[in-house]
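**Q** what follows is a predicted protein model with its sequence.
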Amino acid sequence: MTTYRIFHMPGACSRVVMNALCELQIPFDDTAVNIFRGEQRTPAYLALNPKGKVPALQVGDQVLTEAVAILMLLNEQNPGQLLPLVPDPVVRAQHLADLIWCSNTLHGVARSIFMPVRIAPGAEAAVREAGTAQLTSIVPDIEHRLGDGWWHGEIWSITDVYISWCLGVAAAGGFDLGAHPALVAHTERVRSRPSFERALDREKQALERHGIQLPPGARL
Ligand SMILES: N[C@@H](CCC(=O)N[C@@H](CS)C(=O)NCC(=O)O)C(=O)O
């Protein structure tokens, strides 16, 4: 049987992969990497993931990095369970495009609001302001698409988790989601799914097991 181990940081973007594993009910082990203490840059972790980031997923004796690549593997192994099952390859590619947009656009914008110091030390206010302006221009489209449902209408997908995670990070950095009740309600729906609750539980256990204190402002 294939074994899985996720290298993750509670509350970080690895949450999306953790949620996927829990949604699929795949048995897996987990190792927390305290990125606020630089554990992602230790020789042992870099040997596993030279990019020095979480998540990484060990699949048997192979290691896969990049959240979207990991999600695509899991989705391929479990068709229709993380993304809608569609016969049209163009539509499948559009679903992939949405996930890539989460990881390379939305995530970056959220990070610039939450942790501007990691982008430009000394210019935090300007970076946060630019990120806030960018997100303010993106958010109406997300809100419109979600309505009172999911990104894919009536079907939950892992894209919902990714979007909600990015918006949560921006909110933790001070972005005001209060003016966007549809987004707040969407996050509540994402967080009330049993697989999300299981993922959160695994993250809490990992914090305790590894004795990790989250920095001020960071939250699960
Ligand atoms: N492109 C990567 C980005 C992963 C990423 O930025 N992970 C963050 C946590 S959300 C991290 O490991 N940060 C540690 C660091 O940058 O040193 C992916 O999508 O998996």
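**A** Nice, thanks for sending it over.

**Q** which strands or helices does the helix or strand bottoming out on mean pLDDT in the chain pack on?
**A** Within the chain, confidence by mean pLDDT, DSSP states H and E is lowest for helix 116-119 among all helices and strands, at a mean of 92. Contact here means 3 or more Cβ pairs under 8 Å, 6 or more residues apart in numbering; DSSP states H and E; on that basis helix 116-119 packs against helix 107-114, helix 124-146. For the C-beta atoms, the positions are set from N, CA and C on the backbone; glycine is no exception.

**Q** with mean pLDDT and mean neighbour count as extra columns, can I get those in JSON lines?
**A** Output for the helices and strands packed on helix 116-119, formatted as JSON lines (pLDDT from 0 to 100; neighbours: other Cβ atoms under 10 Å):
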{"stretch": "helix 107-114", "mean pLDDT": "97", "mean neighbour count": "21"}
{"stretch": "helix 124-146", "mean pLDDT": "96", "mean neighbour count": "15"}
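
**Q** could I get the ones you listed as TSV with distance to R41?
**A** Below are the helices and strands packed on helix 116-119 laid out as TSV (distance: least, Cβ to Cβ, whole Å):
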stretch	distance to R41
helix 107-114	17
helix 124-146	22
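
**Q** nearest to the ligand, out of those?
**A** helix 107-114 (6.6 Å; Cβ to the nearest ligand atom).

**Q** the closest one to helix 124-146, inter-axis angle?
**A** Orientation check (axes from the mean of the first three to the mean of the last three Cα atoms, to 10 degrees): helix 107-114 against helix 124-146 gives 130 degrees.

**Q** is helix 107-114 in proximity to the ligand?
**A** No. Using Cβ under 6 Å from any ligand atom, helix 107-114 stays clear of the ligand, with a minimum separation of 6.6 Å.

**Q** need the residues that contact that helix.
**A** 13, 118-119, 127-128, 130-132, 134-135, 138, 166-167, 169-170, 172-175, 217 (Cβ atoms under 8 Å, 6 or more residues apart in numbering).

**Q** where's L207, which helix or strand?
**A** Taking DSSP states H and E as the definition, L207 sits inside helix 194-210.

**Q** how far does that helix sit from its chain's centre?
**A** 14 Å (Cα atoms, centre = their mean, to the nearest Å).

**Q** tell me what it is packed against?
**A** Packed next to helix 194-210, using 3+ Cβ pairs under 8 Å, 6+ apart, are helix 14-24, strand 29-32, helix 181-192.

**Q** coming back round to it: work out the gap between the least confident helix or strand of the chain and the centre of the chain.
**A** In terms of Cα atoms, centre = their mean, the centre of helix 116-119 is found 19 Å from the chain centre.

**Q** now do stretch 5-16
**A** Put simply, stretch 5-16 sits 8 Å off its chain's centre (Cα atoms, centre = their mean).

**Q** could we number from 253 for the rest of this?
**A** Noted, 253 is the first residue going forward, which turns the last one into stretch 257-268.

**Q** tell me if that stretch is near the ligand.
**A** Yes. Applying Cβ under 6 Å from any ligand atom, one finds stretch 257-268 in contact with the ligand at M261, A264, C265.
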